[in-house]
Structures are given as C-alpha cells and as structure tokens.
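> model the structure of this input:
(one chain, ligands or ions: 2)
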Amino acid sequence: MPLWLREKETTMDTRATLILCNVTLPTGRVADITLGDGKVTHVGAVRGMADRIDCSGLLVLPAAVDIHVHMRGGSQSAKEDWKSGSMSALAGGVTTVVDQPNTLPPVTNPSRFGDRVSDALNNSLCNFAVNSSVTPDTHLPSMWEAGAMAFGETFFAPSSYGDGISDAALSLALKDIQSLGGLATIHAETVSDLTDTDLVLHDQVRSPVGELQAVKAVQRLNTTGCRVHFCHLSTKRSIDAAAGSVEVTPHHLFLSLEDFEKNNPFGKVNPPLRTEKERKHLLGKWDRIDIIASDHAPHTLNDKAQEFSRAPSGIPGVETLLPLLLAWVMNGKISLHSVIQKTSRVPAELLGIPPAGFKAGDRADFALFPKVPCPVTAEMLHSRCGWTPFEGHMAVFPTTVIMGGRVVYQDGEFFKSEPRWFSGKGYRRHHYYP
Ligand code: DOR
Ligand code: ZN
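Numbers count the residues shown, from 1 in each chain. Ligands and ions are numbered 1, 2, ... in the order given. Below you'll find the predicted structure:
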C-alpha cells in the first residue's frame with residue numbers, strides 16, 4: 001500500500017495505533033494527528049511509532065453518526081442485516097448508527113432489546129446504538145434501564161412495520177420519557193384514507209399539511225416539556241413549526257417525486273418524496289436543519305418491484321449520505337463546516353456520545369476522501385438490497401475509513417474492527433448481554 005510508511009520516531013507515544021500525516025484541519029492548518037486508545041492523542045508534530053497514512057490532497061472528515069437506520073435482520077435478512085448494513089455504513093464514512101426499533105418483531109421489551117444488542121455485538125462492523133419502540137404495551141422505564149439510546153421513532157401515524165400511536169398513549173409516553181430524562185424521536189405524519197396508487201397520490205395521502213399538523217399535535221400533547229427530536233421532516237413549513245431538533249434525509253434534499261415515473265414504487269417512502277418546488281423550499285432551511293440522517297430503509301428489488309400500492313415504503317441511503325453531501329460541498333452549494341456539524345458533531349451531541357474530531361481526546365473515527373466526485377451506481381454499494389434511488393448522482397466516496405484509531409475500510413476492503421455499543425444514559429442492567 002503506497003500510502004503506508006513505517007518510521008522510527010524520537011518522541012515516543014507508546015499508545016499510538018495510527019498517525020495521519022499532513023491533515024488539512026478545518027481551520028486550514030496542516031498537522032499530523034496521532035491516534036491511540038481509540039482517541040486522538042496528539043495534534044501536531046508526530047508522537048510515536050505506528051502505521052502512517054499520508055493525507056496530503058485528501059479531505060479528512062470526522063466520521064458520520066447516522067441516527068436513523070433500519071438494519072433489519074431476522075426474518076428480514078434478505079433486505080439487510082447487521083453485517084451488510086454496517087459494511088454499507090463504513091463504506092460511506094459512517095462509523096456509528098442508531099438502529100430503529102420497528103424490526104420484526106418490534107423492540108418492545110427488554111428481552112428483545114437484548115437480542116437486538118447481541119445480534120449487533122456479534123455481527124456489526126460499526127459502532128451502534130439501539131432505540132426502544134414506543135407503543136402502549138412498551139414499559140419505557142425498563143427499556144431505558146436495558147440501555148435504549150432514545151425512544152422511537154415513535155409512529156404518530158402508521159408506517160412500514162409500525163402502528164400509529166393514539167394521542168392519549170403518546171401524551172403518556174412523553175411524560176414517562178421526560179421523567180426518565182430521555183429523548184423522544186417522532187415520525188410525524190398524518191395519513192388520509194385515500195388509496196395511494198402512485199407517487200403524486202402518496203404525497204397527498206401523507207401530505208405536507210398532514211406532517212405540519214402532526215408536528216403541532218405532538219407539541220400540544222407534550223405537556224411536560226419532554227425533549228423531542230423530529231425525524232425526517234420533509235417540508236419547510238413543518239421545520240418552521242418544529243420546537244425540537246430537526247432531522248432531514250438526503251432523499252428529501254436530493255430527490256423529488258418528479259424524478260420518478262408516477263407509478264414507480266422505488267420512489268415510495270414515508271414521509272413521501274415531495275414536489276420539486278417543495279424540495280427547493282426544504283433546501284432553503286439548510287441552516288435550521290440540525291441533523292442529516294439517512295432513514296436507511298432497505299427493501300429488496302423484489303419487494304419494491306410490486307404494484308405501487310402493495311410495495312413497501314422505504315429507500316436505502318446510509319452509504320450515500322456523506323458522499324452526496326460532499327459532492328455539493330465541492331460544487332460550492334453548501335459549506336464543509338455545515339456538513340461536519342449536521343452529520344457528525346450535532347448527532348453525537350444529541351446522543352451524548354464522544355464526538356469524533358481533531359482535538360486531543362476526540363473519538364478517533366475519520367473518513368478520508370479524495371477530491372474527486374463519481375456517479376453513484378448500485379453495484380458499488382454494499383447494502384444487501386441491491387439498488388439505490390441516487391443512481392447517476394455525483395458523490396464522493398471515502399477511500400479509507402478509520403474507527404477507534406484503526407483502519408477498518410480501505411479501497412473496498414474491510415478490516416477487523418472493534419465496534420462499540422453506545423447504550424443510553426439509563427443503562428443499568430447487565431444480564432441481557434454476553
Ligand atoms: O418509508 C419508510 N420506511 N418510513 C419509515 O418510517 C419506516 C421505513 C421502513 O422501516 O421501511
Ligand atoms: Zn420514520
């Protein structure tokens with residue numbers, strides 16, 4: 001590997017596992033970064049002897065934290081499982097994912113939560129956290145003690161593999177979550193009883209107005225001031241109304257329903273792709289968006305290639321999240337700083353996990369990018385679902401990904417990793433896990 005050099009140094013740092021040389025920091029300063037114990041140990045002249053990577057000419061970013069993925073597994077392993085989903089994450093520069101609880105069966109009790117964590121501990125290549133379902137029969141305090149990172153996504157209206165929750169049950173759940181000191185994450189939609197036989201109707205059945213009403217209703221029902229995070233908001237007006245943290249997906253930023261044939265189920269997702277006009281308004285809210293998360297919701301080609309109203313909602317995206325945004329950075333549409341904030345710093349802060357970054361003590365998770373965009377193709381991606389709605393979009397993929405101070409992915413190859421489980425702040429019990 002031409003990038004690698006091994007040299008003797010006079011100032012030793014015995015903890016060093018890797019040295020990133022000639023890194024251009026966000027301030028413009030060029031420095032060497034020494035990594036050890038899973039952290040940044042020093043920024044400046046090289047300390048210690050370890051493998052080195054010359055980062056001249058590369059864009060070095062703190063790796064992303066994708067707080068909204070559906071890693072599937074179990075009976076849905078043909079769509080995705082922890083292994084394929086985490087490979088897809090790493091190859092896109094994402095080293096930490098937060099798994100959503102609408103699995104089959106859903107994560108509604110501590111024993112299922114424990115199974116989910118064990119599955120990830122055994123099979124994931126990347127760091128992870130697992131959320132708890134919010135349903136009338138979920139005992140939220142037990143899930144908090146079992147280690148749930150956050151509560152939800154809570155389905156205000158039904159979506160794939162999730163029933164909508166009643167106003168009364170949501171109000172009670174928000175009280176419980178508030179008293180635990182947890183975070184409620186909300187899938188805010190309202191669904192009309194029309195049949196959606198194409199993308200235009202899908203956008204009307206789960207309409208922008210319905211999303212706005214759901215956001216307002218959640219806030220009305222939140223009488224105790226629970227911390228609320230709004231998942232995948234898809235319109236400017238619901239962002240304006242949201243009093244909580246705001247997440248937006250790449251598919252709502254990069255795609256509109258006009259990009260697809262009207263009855264193409266591959267564009268079917270909840271909340272729906274909106275009109276091009278609405279997409280542009282959404283983009284206008286860039287500065288208010290706290291977090292970009294993928295809502296990676298893989299379904300197989302066969303699942304999707306059904307008649308529109310029968311096809312499941314959801315599209316994959318964990319691997320293309322950062323690469324698509326970086327193509328926009330390179331053509332000057334958005335700033336690099338804002339991408340680092342929305343994909344890495346703010347999500348880590350929201351979850352309360354150590355931030356990845358360039359300061360001593362930061363989590364040593366990085367992704368190294370060449371400054372060359374290329375068109376996305378499904379073949380280059382690692383999700384088991386085998387397709388992407390971003391085919392042909394320009395993107396910048398990482399050549400090297402570092403997790404816990406070690407190279408875990410390089411030029412299409414994966415190396416041994418030591419994934420961490422980030423439990424939530426309420427974690428107490430140990431007997432569910434190996
Ligand atoms: O389109 C969606 N698909 N929206 C969701 O909220 C769930 C997801 C899934 O799990 O497939
Ligand atoms: Zn959702």
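
> so which bits of stretch 63-77 are buried?
63-73, 76 (16 or more other Cβ atoms under 10 Å). Placement of C-beta: from N, CA and C, glycine included.

> CA atoms of the helix or strand residue 200 falls within as CSV?
Assigning secondary structure by DSSP states H and E places residue 200 in helix 199-205. Presented in CSV, the C-alpha positions along helix 199-205 are these (Å, rounded to 0.1, in the frame of the first residue of the first chain):
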residue,chain,number,x,y,z
LEU,A,199,-46.2,9.0,-6.1
VAL,A,200,-48.4,12.0,-6.6
LEU,A,201,-51.2,10.4,-4.6
HIS,A,202,-48.7,9.2,-2.0
ASP,A,203,-47.6,12.8,-1.5
GLN,A,204,-51.3,13.7,-1.0
VAL,A,205,-52.2,10.8,1.3
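
> from the buried residues of stretch 63-77, pick the one nearest ligand 2.
For the buried residues of stretch 63-77, the residue nearest ligand 2 by Cβ to the ion is residue 68; the value is 7.2 Å.

> the nearest residue to that closest one once chain neighbours are set aside and ligand 1: what is the separation?
Distances taken as Cβ to Cβ, 6 or more residues apart in numbering place residue 293 nearest to residue 68, at 3.8 Å, with adjacent residues excluded. Distance, residue 293 to ligand 1, by Cβ to the nearest ligand atom, to the nearest Å: 12 Å.

> list the contacts for residue 293?
Residues in contact with residue 293 (Cβ atoms under 8 Å, 6 or more residues apart in numbering) are 66-69, 231-232, 247-249, 321, 347.

> so which residue is dead centre in this structure?
residue 66 (1.9 Å; Cα atoms, centre = their mean).

> buried ones in stretch 325-334?
Buried, per 16+ other Cβ under 10 Å, within stretch 325-334: 325-330, 334.

> any idea of the pLDDT on the residue nearest to the centre of the chain?
Per-residue pLDDT puts residue 66 at 99.

> so it is in which element?
Judged by DSSP H and E, residue 66 forms part of strand 64-69.

> for that strand, which helices and strands make contact with it?
helix 82-91, strand 94-99, helix 321-330, helix 346-351 (3 or more Cβ pairs under 8 Å, 6 or more residues apart in numbering; DSSP states H and E).

> identify the residues contacting it?
85, 89, 92-100, 153, 185, 231-232, 247, 249, 291, 293-296, 318, 321-322, 343-344, 347-348, 350-351, 353, 356, 367.

> give the contact list for residue 126.
86, 89-90, 94-97, 403, 408, 417, 419.

> now it. Nearest residue, chain neighbours left out?
residue 86 (4.3 Å).

> ok, residue 290 next?
Per Cβ to Cβ, 6+ apart, closest to residue 290 is residue 245, 4.5 Å.

> is it true that that neighbour touches residue 230?
Yes. Counting by Cβ atoms under 8 Å, residue 245 does reach residue 230; the two are 7.0 Å apart.

> where does the chain get nearest to ligand 2, which residue?
Nearest residue of the chain to ligand 2, counting by Cβ to the ion: residue 187, 3.7 Å away.

> mind checking pLDDT for that residue?
Looking at residue 187, the pLDDT reads 98.

> Provide a list of residues in contact with the residue of the stretch 1-150 of the chain found nearest ligand 1.
Residue nearest to ligand 1 within the stretch 1-150 of the chain: residue 70 (4.2 Å; Cβ to the nearest ligand atom). Going by Cβ under 8 Å, 6+ apart, residue 70 touches 80, 99-100, 102-103, 295-298, 314.

> most neighbours, which of those residues?
The residue in these with the most neighbours, by other Cβ atoms under 10 Å, is residue 296 (32 neighbours).

> residues contacting the residue nearest to residue 210 when sequence neighbours are not counted?
Among residues not flanking residue 210 along the chain, residue 190 sits closest, at 3.3 Å (Cβ to Cβ, 6+ apart). Going by Cβ under 8 Å, 6+ apart, residue 190 touches 156-157, 206-207, 210-211, 213-214.

> change it to 10 Å
156-157, 164, 205-207, 209-215, 217 (Cβ atoms under 10 Å, 6 or more residues apart in numbering).

> please report how far the residue of the chain at minimum distance from ligand 1 lies from residue 268.
Using Cβ to the nearest ligand atom, the single residue of the chain nearest to ligand 1 is residue 314, 3.0 Å away. Separation of residue 314 from residue 268 (Cβ to Cβ, to the nearest Å) stands at 8 Å.

> find residues that contact each of these two.
Common neighbours of residue 314 and residue 268 are listed as 160, 299, 304 (criterion: Cβ under 10 Å, 6+ apart).

> and the residues you listed, which are buried?
Neighbour counting with 16+ other Cβ under 10 Å marks 299, 304 as buried within the shared contacts of residue 314 and residue 268.

> wait, is residue 60 part of a strand?
Yes. Using DSSP: H, G, I helix; E, B strand; the rest coil, the secondary structure at residue 60 is a strand.

> many thanks, have a good one.
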